[in-house]
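Below is the structure, and that's it, no one-letter string:
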């Protein structure tokens, strides 16, 4: 069994290794946090646009349902788009 002194030394060796790794990752972590802040800002700015798009496109569900029903009834033979 390891003595208390050996375990203490190992404890502090591990602490030093941990500190070294964390010092290497601090710069990329900071850069990531800055990007996350930018993303959060963009998401806040996009929220009203997303809402507006949902409002505008709300009728598409019913339109798509009816089109699908008609396409099934026609056996997929919907023909060319008029005027195309």
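Cool, the structure landed. Since the structure is predicted, the reported quantities are computational estimates derived from the model, not experimental observations. Residues are numbered from 1 along each chain as shown.

contacts for stretch 74-84?
Stretch 74-84 is contacted from outside by 70-71, using C-beta atoms under 8 Å, 6 or more residues apart in numbering. Heads up, the C-betas are built off the backbone N, CA and C, glycines and all.

Recalculate using a threshold of 7 Å.
Residues outside stretch 74-84 that contact it (C-beta atoms under 7 Å, 6 or more residues apart in numbering) are residue 71.

Can you tell me which residue is spatially central in the protein?
For the chain, the residue sitting closest to the mean C-alpha position, by C-alpha atoms, centre = their mean, is residue 39 at 9.9 Å.

separation between it and residue 32?
Per C-beta to C-beta, to the nearest Å, residue 39 is found 10 Å from residue 32.

and what of residue 58?
37 Å.

do residue 82 as well
According to C-beta to C-beta, residue 82 stands 53 Å off from residue 32.
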